[in-house]
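Colleague: need the 3D shape of this:
(chains A, B and C)
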Amino acid sequence: MERKKSIGVSLRNVVKMFGNNTVLNGIDLEIAPGSLTTLLGPSGCGKTTILRLIAGLELPTSGQVFIGDEDVSTHSASQRDVAMVFQSYALFPHMTVGENVGYGLKVQKVPPTERAARVADALGSVGLSGFESRFIDQLSGGQQQRVAVARALILEPHVMLFDEPLSNLDTKLRRQMRDDIRRLQQETGITSVYVTHDQNEALAVSDQVVVMKEGGIAQIGPPESLYHRPNSAFVATFMGDANILDAELLREDNEAFVRIRQSRVPLGDKAAEMPAGPVRVAIRPEALSLSAPGSGEGGFTGHVTSRAYIGSATEYLLDSDGEELFAVIPAGAPVYAPGADVRITIDPVGVAVIGS
Amino acid sequence: MTISISGFIKTGALAAALTITAAALPAQAKGRLVIYCSAQGDWCQLAAETFGKKYDVKVSMTRNGSGSTYAKILAEKANPQGDVWYGGTLDPHSQAGVNGLLEAYKSPMLKELGEPYRNPASSKGNHSTGIYVGILGFSVNTDLLKKAGLEMPKCWADLVKPEFKGQIQVASPQSSGTAYTATATFVQLWGEEKAFEYFKKLHKNVAQYTKSGSAPGKNAARGEAMIGIGFLHDHAKEKSKGFPLQLVGPCEGTGYEIGGLSIIKNARNLENAKKFVDWALTAEGQEVAAKVSSFQVPTNMNAAVPKEAIKLDSVKLINYDFVKYGSEKMRKHLIDRWIREVKPLAR
Amino acid sequence: MASIAARPSFLRDPILRWCVAGLLALVLLPWKALEYGVFDATADEFLDAYGWSHLNSSLFAALCLLLFVLRPWRGSPLRHKIDAGLSVFAFAGILALASWQNEALGWGAAVQFFVFGGILALALARMGLVQGDPFMTGAILLVSGLVLFFIFWPVSTIFSKVIVNDQGAYTPLMFFKMITGFGIGRIMWNSLSLAIVVGAATTFLGLVFALFAARISQKFQGLIRIFSILPVITPPFVIGLSLILIFGRNGSINDILLALFGDGGLFVGAGQEGWFERSPYIYGFWGIFLAQTLSFTPISFMLLMGMVSTINPAMEEASLTMRASDWQTFRYVTFPLLRPGIANSYLLGVISSLADFGNPLVLGGDYDVMATEIYFSIVGAQLDYARAATLGIALLMFSLTGFMLQRYWIGKKSYVTVTGKGSGGSFQRLPRWVERGCAVIAIIWIIFTAVLYGSILLGGFVVNWGADYTPTLAHYEELWARGFGYGAWPSYFTTLGFSAVGAPLTAMVGLLIAYVTTRRRFAGRNIVDFGAMICFAIPGTVIGISYILAFNTAPVLLTGSAAIVVISFIVRNMPVGIRSGVSGLAQIDKSLEEASLTQRASSLRTIFTVVLPLLRPALISAVVFSFVKSMTTVSAIIFLVTADTQVATTYILGRVEDGDYGQAICYGSVLIVTMLAVVLLVDRLIGKARTERKIGAHA
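Modeller: Take a look at the predicted model:
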């Protein structure tokens, strides 16, 4: 089967209001053809609303939605070439697995024989061959999830939408499904938009992550850059744990540094356009490392307030001149008891300037 | 997109079906007649069937009390649905005539009617004709009377005796034309003040004011009351079914009603309406009533009087003033007075 | 989307297809109403009614349709706004022209309203309303239109009756004059005091039976079924009539008392004067009270039963572990938890009593209540529309107040929460004397009900209950054995026919109202919501009076037609449809529909392939209950039926007014049997369907 040409999605100055309540306040967003973009944010930030706007389940109050070159702002869901996987799966309980998956084809009046073949194909691609005549309530949660994906895939839509598809699964299954979705997406090259509130999931599957906050976009970028170069305390803390500290930006010989306490941390190109002066930085807890006081160069001192062993690592709460720091030290490193003085050093990779 | 296509097909199919039905309909040469009937249901039915068959007219008949029929004609003034109004006490007919809801018509049959019934309505404009006479009176359940060991009442005055406490039923003038006729009769017998004195005394003996004018007779027949006041032809019907009723034409004299027959103004089938009026006034048309045990006295002098009917000469009839007491104003005044002065009294 | 491109281009625009439908209807369907009905009209009358045979408002409709076909503004950026504007203009124009010309509009015109409504929906959807969904836009327009046209408009005409008098003069103070007029206050007080007492009685008995059924005896379970069915299948008047048979002056109780204590009675001695005389005590306040209590207790029972059985036993267990006695637990825990339910049932009892027409009509005697006085204001000698309208407004206000209290005040106070988690523990026993008291009352009730219904069934087989107990089939012969054109048959068939037409429509419209009010956000939803609430609160007599006032003149001349009877059935039973729609939809996850929409199914298709199959049980029960309720409706249609549209209840009413209790009872029992058969049959069918497949919201 020939694959459709991938096309992108863009939102232009989209505002959505429910009554007097502004849910989205002027969103501009480009989603590249064939990419998987994740919308990430706390509940109520508007991420699901964006998904529903792309699906056509809501229409924008103002602004435009484009799928490819076509302005679909006033098209209803059934007029758009998109497919969606729902949080609750939304499988029709009165239909079999086969009928569920083949539903869209039936709507499009695809002849039964071709339909059956394509249903079998789609079920095969999610590893559920032969499940056609089962009823939905005879499937496990993971299987239902796969049926939902198959149902969305079978239409070969221009855009696939995933609304927190994994939130009803347990941790182990979630990782497996996450990888399966990513694999299928890359194989088919269907432009996909994925909503989640779980940053690990977002980091794991995305080409591009859109972090949202209160109806606006906080930051857009590939996963690594969001993790390592958050542009705000919000993004930094939302994309994992971070210590937010005051620091000073220095520029010497075309190179930028931040001075954090007694440490000088090179920034590389992370603060290219920032003027020198006082700034705030975010430091990932795993970028901190601990050693005995006076055991080496650089760093600064503090003492251990408390400690928790979590298997793969040890978490420390540290105090340095009244400032609280959180550090995650991988298993295998020396362990310090609460009250012990330590020297704290910073790995430059885990440091980001988040504002002045 | 499915909406409009299926809608389209359905509309088309429906339309086609209707056209075929329309084309297949037989031509009906003699036309239609819509009768609003305020007589007994079976009487109305029989009259409609007989007339329809005789003149090959498609008759539809709607039966309703005279009050609601008047209401209907008034409501449909702009767009009359009915052609002829058959039966029911004359007052609403009069009212309709005065208010310009009726067509004047002088039937050639009038000459066969008794003089008072040719043009009885208040408008005096030949809007209505009398088709029967009904006499007001009361009936006594003889079983109950015997059990109670009481003497047969003969006069209106007997009914206010204390031994009949809780034994009498009469309709409420508020809802029943029959009861209004009784009210008007008392007023004409004794003058308004004395009539209301009488009503107040009677009130103490009344077990229940019924809504419908014919209910007291039926209840007396079934022993729910000892005495029922109403039109005697209603009571005669009960008696003919074998109930132990004695019909009384009160000694002081009594009022009567005339059954009205009118053509509705701007009737759609005026010719047939006239035909119907002519027919209903013939002896044949009037004898329909007795066939369904309606024992009113016919107004056509050539019609046979049913043996169960009260003979007009056996009761003392007052000279009932249909114009004065048929007027809306008088009616409202008397009913209002009854509601204010009699109804709230303790019993 | 190749399928779309393949269509012939001239049919591509749905607006054009609507126009074609409209033009076809214009040509094929009669524009004017046929005065004698579509099926009874002659060819000449048919021809005369066509729009093209005369110059009238049909020409205007045709012009508007042609404009839409040409659509010279099709390239303009304002095209959707022009479409919408023109369709509204066409709509209003037809109505205005027809009422100016005094034309009664017929089917051909009715179709045009759908056509222009359809075009309007398309235009609005294209402007981006309602998620750009034309079907849903149309559904919302339809529902709003129906609510405005068949609820708000008729109700507003009652108000206009007291603002403008018969002569057409403006009399803004008439309502106050009427309401303070002589006698009206007493009628209102009668209604209210009766309602207050009946509400208390039905609630008390309902609570007793609920406690009995839920906590005391499992043997009562079968009776719960009976309780839930009886009020549904009992025609009006029947309870009143059976009370007359038992308690009437000639009734069984009087007979027995007379035989015991009357002249020469068993306890008196032959030939001696007794202490007892026959008495018509059943007519009046206590008669209506008894009949209404009998009629409405089952409703209260069903409501309280739901509450009693959802109380978490753990709460009572907690109370007991804190050393409270049985009685203290009942007094301080169980009863307060039930309080909102009790208040609810009380208000429901009050509203039902206020609206009740059948019982006061049969048993009222001199005790006038508002529901029946409205009727007698019109059919009686007074013919006072203003009085009827005044009483109607007052009654509507009372019942609307009661309903709003129930909905907004008590509705928010309910403690019962269904968590879905099985609550461990079993119900504790109630205090001993509460158990015994409940049992005694329940048993008395059961015997009493059995006697009443028994008397209905038997009463039809004797010559004249109370006077002549000779067994006879005469009543049945009179009603049923004289051929299909006579006796009860015509009204029986009419009833079945009207109910069969009305019931599916009721269910569909109810579902649609439930759907758009619970699932869609749109301007004017509050109006539809409020209209639906009026449906719940409006007493039948008020529907009747408002319909006869509203639909009696051109252009919408419906009085006398079968349509208006069916429509009033539909409006009367709308609560049944809405309620089952709302509860059914609550169980269907919204994302199921969205899944279907994103699979490119239209919303119409989504409704047919996803929503309706899942709603099937709710839909079937809505159809059945509105069918059965239609068969027992009397107050709403009493002003609207004619000889040709006589239904069972009005036929029975005629027999009651003529004093033919025997026939009335016969017909009543035949109706009971008919409806019972329908309910049980469908119940079995649904039961089967349920066991075949369990249907849940989430799989």
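
Colleague: which stretches of chain A have low pLDDT?
Modeller: Applying pLDDT under 70 to chain A flags residues A:1-3, A:271-272.

Colleague: the same query, at a cut-off of 80, please.
Modeller: A:1-4, A:253-254, A:268-275, A:294-298, A:355-356 (pLDDT under 80).

Colleague: quick one, helices of it?
Modeller: A:47-55, A:97-107, A:112-125, A:141-153, A:171-188, A:199-205, A:223-228, A:233-238 (DSSP state H).

Colleague: okay, domains of chain A per the record?
Modeller: Domains of chain A are assigned by automatic domain parsing as A:9-228, A:241-355.

Colleague: pull stretch B:293-301 out as CSV, backbone CA atoms only.
Modeller: C-alpha atoms of stretch B:293-301 as CSV (Å, rounded to 0.1, in the frame of the first residue of the first chain):
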residue,chain,number,x,y,z
SER,B,293,-85.0,6.7,24.1
SER,B,294,-84.8,10.5,24.2
PHE,B,295,-88.2,11.5,25.4
GLN,B,296,-88.4,15.2,24.7
VAL,B,297,-91.7,16.6,23.2
PRO,B,298,-91.3,17.2,19.5
THR,B,299,-92.2,20.7,18.2
ASN,B,300,-93.5,19.4,14.9
MET,B,301,-97.2,19.1,15.5
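
Colleague: who's in contact with it?
Modeller: With contacts defined as Cβ atoms under 8 Å, 6 or more residues apart in numbering or on different chains, stretch B:293-301 is touched by B:39-40, B:43, B:109, B:112-114, B:117, B:130-135, B:233, B:236-237, B:240, B:258-259, B:281-283, B:285-287, B:289, B:304-306, B:308-312. C-beta: built from backbone N, CA, C; applies to glycine.

Colleague: can you give me the end-to-end span of stretch A:316-328?
Modeller: 6 Å (Cα to Cα, to the nearest Å).

Colleague: no, scratch that, I was asking about stretch C:45-64
Modeller: End to end - Cα to Cα - stretch C:45-64 spans 26 Å.

Colleague: pull out the buried residues from it.
Modeller: C:Glu45, C:Phe46, C:Ala49, C:Tyr50, C:Gly51, C:Asn56, C:Ser57, C:Ser58, C:Phe60, C:Ala61, C:Ala62, C:Cys64 (16 or more other Cβ atoms under 10 Å in any protein chain shown).

Colleague: run through who's touching that stretch.
Modeller: So stretch C:45-64 is contacted by B:22, B:25, C:22-23, C:26-27, C:30-36, C:41, C:86-87, C:89-90, C:93-94, C:97-98, C:101, C:103, C:105-106, C:108-109, C:112, C:116 (Cβ under 8 Å, 6+ apart).

Colleague: PyMOL command for the buried members of the contacts of stretch B:293-301?
Modeller: Selection of buried members from the contacts of stretch B:293-301 for PyMOL, criterion 16+ other Cβ under 10 Å:
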select buried, chain B and resi 39+40+43+109+112+113+117+130+131+132+133+134+135+233+236+237+258+259+281+285+286+287+289+305+306+308+309+310
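
Colleague: touching, C:Leu243 and C:Thr293? I think so.
Modeller: No: using Cβ atoms under 8 Å, C:Leu243 makes no contact with C:Thr293, being 10.8 Å away.

Colleague: show me where the stretch 151-300 of chain B has helices.
Modeller: With DSSP state H, counting those that start in this stretch, the ranges of helices along the stretch 151-300 of chain B come out as B:177-190, B:192-205, B:215-221, B:232-240, B:270-281, B:283-291.

Colleague: how about the stretch 151-300 of chain C?
Modeller: Under DSSP H, counting those that start in this stretch, the stretch 151-300 of chain C gives helices at C:153-163, C:174-179, C:184-211, C:221-233, C:238-247, C:252-261, C:285-310.

Colleague: deepest in the core, which of those is it.
Modeller: Compared across those, helix C:238-247 shows the largest average neighbour count, a mean of 26 (mean count of other Cβ atoms under 10 Å in any protein chain shown).

Colleague: so how far is that helix from its chain's centroid?
Modeller: 24 Å (Cα atoms, centre = their mean, to the nearest Å).

Colleague: what does it rub up against?
Modeller: Under Cβ under 8 Å, 6+ apart, the answer for helix C:238-247 is C:251-254, C:281-282, C:287, C:290-291, C:294-295, C:358-359, C:361-363, C:451-453, C:455-456, C:459, C:465-466, C:656, C:661, C:664-665, C:668, C:672.

Colleague: for stretch C:461-470, same thing?
Modeller: B:222-223, C:245, C:248-252, C:255, C:455, C:459, C:471-476, C:661-662, C:665.

Colleague: may I have that stretch as PDB, with CA atoms only?
Modeller: The C-alpha coordinates for stretch C:461-470 follow below in PDB (Å, rounded to 0.1, in the frame of the first residue of the first chain):
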ATOM      1  CA  PHE C 461     -70.000  -8.100  35.100                       C
ATOM      2  CA  VAL C 462     -73.000  -7.200  37.200                       C
ATOM      3  CA  VAL C 463     -76.100  -5.300  36.000                       C
ATOM      4  CA  ASN C 464     -75.700  -2.400  38.400                       C
ATOM      5  CA  TRP C 465     -73.300  -2.500  41.300                       C
ATOM      6  CA  GLY C 466     -75.100  -1.500  44.400                       C
ATOM      7  CA  ALA C 467     -78.600  -2.000  43.100                       C
ATOM      8  CA  ASP C 468     -78.600  -5.100  41.000                       C
ATOM      9  CA  TYR C 469     -75.900  -7.700  41.400                       C
ATOM     10  CA  THR C 470     -77.300 -10.100  38.700                       C
END
